[in-house]
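**Student:** need a 3D model of the sequence below.
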Amino acid sequence: MASSSTLPTTLSVSTYVEEGARIAAILLVWGVIAAFFAYGIAEIGGPGSLFETIGPQLGALFALTGLLNAILYLLYRTVDYWRRSVTGALEPEG
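**Tutor:** Here you go, the predicted structure:
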């Protein structure tokens with residue numbers, strides 16, 4: 001029994017490049033914030049200061065937050081592409 005479903009139309013390569021750029025921007029912003037806390041805040045005060053102790057920990061926390069934010073964005077876009085392909089509304093945005 002042959003299926004009569006057709007393959008959904010694909011998006012252009014530039015659309016996928018734009019998505020990759022958005023993911024890279026998310027990682028870059030969170031990476032800058034993490035580096036600021038890990039290396040900038042940690043230099044305030046002398047040895048044993050609160051900032052020296054908590055700076056690297058906050059940096060690691062922000063780096064993990066950025067990574068999870070990028071993964072969440074990937075999951076959102078995956079579900080969105082899947083939903084569009086199932087409903088047949090896979091058209092380029094914008």
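**Student:** and Ala42, how far from Asp80?
**Tutor:** Going from Ala42 to Asp80 by Cβ to Cβ, to the nearest Å gives 39 Å. To be clear about C-beta, it is placed using only N, CA and C from the backbone, and glycine gets the same treatment.
**Student:** between those two, which is the more surrounded one?
**Tutor:** Comparing Ala42 with Asp80 by other Cβ atoms under 10 Å, the one with more neighbours is Ala42, at 19 against 12.
**Student:** I'd say the more buried one and Leu50 touch.
**Tutor:** No - the criterion here is Cβ atoms under 8 Å, and Ala42 misses it with Leu50 at 10.5 Å.
**Student:** quick one: buried residues of stretch 44-51?
**Tutor:** When burial is assessed from 16 or more other Cβ atoms under 10 Å, stretch 44-51 yields no buried residues.
**Student:** endpoints of that stretch, how far apart?
**Tutor:** 6 Å (Cα to Cα, to the nearest Å).
**Student:** may I see the buried residues of the host helix or strand of Leu61?
**Tutor:** In the assignment (DSSP states H and E), Leu61 maps to helix 50-87. In terms of neighbour count (16+ other Cβ under 10 Å), helix 50-87 has its buried residues at 55, 58-59, 62-63, 66, 70, 84.
**Student:** from those, pick the one nearest Ala24.
**Tutor:** Ranked by distance to Ala24 (Cβ to Cβ), those are led by Ala70 at 8.8 Å.
**Student:** how about that closest one, what does it touch?
**Tutor:** Counting by Cβ atoms under 8 Å, 6 or more residues apart in numbering, Ala70 makes contact with 23, 26-27, 30.
**Student:** if we go to 10 Å?
**Tutor:** Going by Cβ atoms under 10 Å, 6 or more residues apart in numbering, Ala70 touches 22-27, 30.
**Student:** please work out the average pLDDT along the helix holding Leu61.
**Tutor:** Mean per-residue pLDDT for helix 50-87: 87.
**Student:** how distant is it from the center of its chain?
**Tutor:** Centre-to-centre, helix 50-87 and its host chain are 5 Å apart (Cα atoms, centre = their mean, to the nearest Å).
**Student:** and if you look at stretch 74-90?
**Tutor:** Centre-to-centre, stretch 74-90 and its host chain are 17 Å apart (Cα atoms, centre = their mean).
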